[in-house]
Structure formats: structure tokens, C-alpha cells
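J.: fold the following and give me the result.
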Amino acid sequence: MMDDVATDSSNTSPAGKEKQPRRIRRTRMTGAERREQLLDIGRTLFASKGFEGTSVEEIAAKAGVSKPVVYEHFGGKEGLYAVVVDREMRQLLDMVTSALTAGHPRELLEQAAFALLDYIETYTDGFRILVRDSPVAQSTGTFASLISDIATQVEDILGQEFKGRGFDQKLAPLYAQALVGMVALTGQWWLDVRKPKKAEVAAHLVNLAWHGLDGLEPKPRLIGHRKS
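T.: Numbers count the residues shown, from 1 in each chain. Model (predicted):
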């Protein structure tokens, strides 16, 4: 099948005879290339408009294809969205888990904080998508489940520290969720304000977390009137 024909402005010869229109053959995308193009376009639109605000028509128009092409690759908008979210979740989880390489717990906290802030800075559209409420089920779950996966990595580190200090190791998951949740929520705020600088944000997060852990009571007590 021949692609569209394009002509240039010099379609008349010096003798005044018309030239035949010059045909320009466009390079056709492979199926894999088209799929990646649709994912990139969907990622951008979902980040700026959300799932409900994005239509298959708009995705197809941006890609320069018909709607059936989108359905052929993903089965619809839901399928495209699910793949985008799954990729972003794996990217963030990989960045955080691969960053946890230091031996000292405080440096591990710094690395985890930097990994999340690095992801927000580099994959801004992806993070915007992740923190929205997901309208469809993904193989890796929701943003909350992703945070739980990251907390599991931190949980092992805290468990070792708790054991060394004589604390109850069964409470390590609770503290891991609290620490990772603190960084994640701060990251959502920093996503828009971008002040102070990333390193300063990481330093303050670790300052709060580390000095809070440093003064941790083995058996914390409530001082208010409510006890249950």
C-alpha cells in the first residue's frame, strides 16, 4: 500500500512544463514501535488529564492513527492505562530497591529518600499517574500496594536494628510503613512546589526519621487521657 503523496513548491520546470508530483514514502512503524508510541502518548495524556479525562479518540489522534489501532494493541483505554501504570510501578520499585546498598541504616534512609525524589524528578508524568486513584485493576495493584512493597524492603533493615536494640521485631512492619509513607507523601507535595532543592528535602526527611528512631522508646506510652 502506497503512503500519502507530498509535493514541493518547485513543481514547475524551467521550460514551464509541470513536473510529476514527487512521492515521499513515509517509514511505517513496526507493531512494537507503534505500541511504544501509544504508550508514550497515553502516559502524557493520563498524567495531564487523568484516566476519565482522556479518550481513545484523543490518543489515536495524537498518534495519527484510527481508533481500531488502539484497540488492536491494548483492547481499549483501560488496557493501555494498565500497562502504563504497571511500567511506572516497576520503574519506581526498581529504583528504590536497587538504591538500598549501604550498610549504615542512616545512609540507607538517605538512599531510599533520594530514590523516590529521583523518580519524581525524572519520571514526573509517571508519578502523577501513580498517585491518582486507579480506576482499573493492575497486576501490581495500586500505589498503596507499591508503597507496601517498598516498605517490605525497609522492614528487613528495621528488623535487624530492632533486634540489636532489644525492641520487638514484630513492630518493624509498622515503622517501615510509617517511614515510607512519610517520604511518599512529602514527595507528592514536592512534586508541585519543587522547593527546597532535592538534596535538602532528603536531608530533612532523614533528619526527622533518623532522630526520631534514635530516640525511640522500646515501649512508647500515651500521655493523653485516651488509652484505647
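
J.: for this structure, what helix or strand is lowest in average pLDDT?
T.: Ranked by mean pLDDT, DSSP states H and E, the helix or strand of the chain with the weakest confidence is helix 143-165, at a mean of 81.

J.: helices and strands around the helix or strand just after that one, which ones?
T.: Next helix or strand after helix 143-165 toward the C-terminus (DSSP states H and E): helix 172-193. Under the contact criterion of 3 or more C-beta pairs under 8 Å, 6 or more residues apart in numbering; DSSP states H and E, helix 172-193 touches helix 105-122, helix 124-130, helix 143-165, helix 198-214. (Glycine included, C-beta is placed from N, CA and C.)

J.: out of these, nearest to G64?
T.: For these, the distance to G64 is smallest for helix 124-130, at 20.6 Å, taking C-beta to C-beta.

J.: may I see the buried residues of that closest one?
T.: Residues 125-130 are the ones in helix 124-130 that count as buried (16 or more other C-beta atoms under 10 Å).

J.: and what of stretch 159-173?
T.: The neighbour-count check on stretch 159-173 (16+ other C-beta under 10 Å) flags 159, 161-162, 167, 172-173 as buried.

J.: for stretch 98-118, same thing?
T.: For stretch 98-118, by 16+ other C-beta under 10 Å, it's 99-100, 105, 108-118.

J.: if we can go back for a sec, just put the buried residues of stretch 159-173 in a markdown table and tack on distance to V69.
T.: As requested, these are exported to a markdown table (distance: C-beta to C-beta, whole Å):
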| residue | distance to V69 |
| --- | --- |
| G159 | 50 |
| E161 | 53 |
| F162 | 54 |
| F167 | 57 |
| A172 | 49 |
| P173 | 45 |
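
J.: ok, the closest residue to D168 other than its chain neighbours to P68 distance?
T.: Once flanking residues are discounted, D168 sits nearest to F162: 6.8 Å by C-beta to C-beta, 6 or more residues apart in numbering. For F162, the distance to P68 equals 57 Å [C-beta to C-beta, to the nearest Å].

J.: what does L100 give?
T.: In terms of C-beta to C-beta, L100 sits 45 Å off from P68.

J.: where does this protein have low pLDDT?
T.: Applying pLDDT under 70 to the chain flags the ranges 1-27, 133-142.

J.: can you tell me which residues contact L185?
T.: For L185, the contact set (C-beta atoms under 8 Å, 6 or more residues apart in numbering) is empty.

J.: how much space between it and E78?
T.: According to C-beta to C-beta, L185 stands 28 Å off from E78.

J.: same question, S228
T.: Distance from S228 to E78, by C-beta to C-beta: 44 Å.

J.: what does the least confident helix or strand of the chain contact?
T.: Helix 143-165 has contacts (C-beta under 8 Å, 6+ apart) with 89, 92-93, 96-97, 100, 105, 108, 112, 130-131, 134, 140, 167-169, 171-173, 175-177, 179-181, 184, 213, 216, 218.
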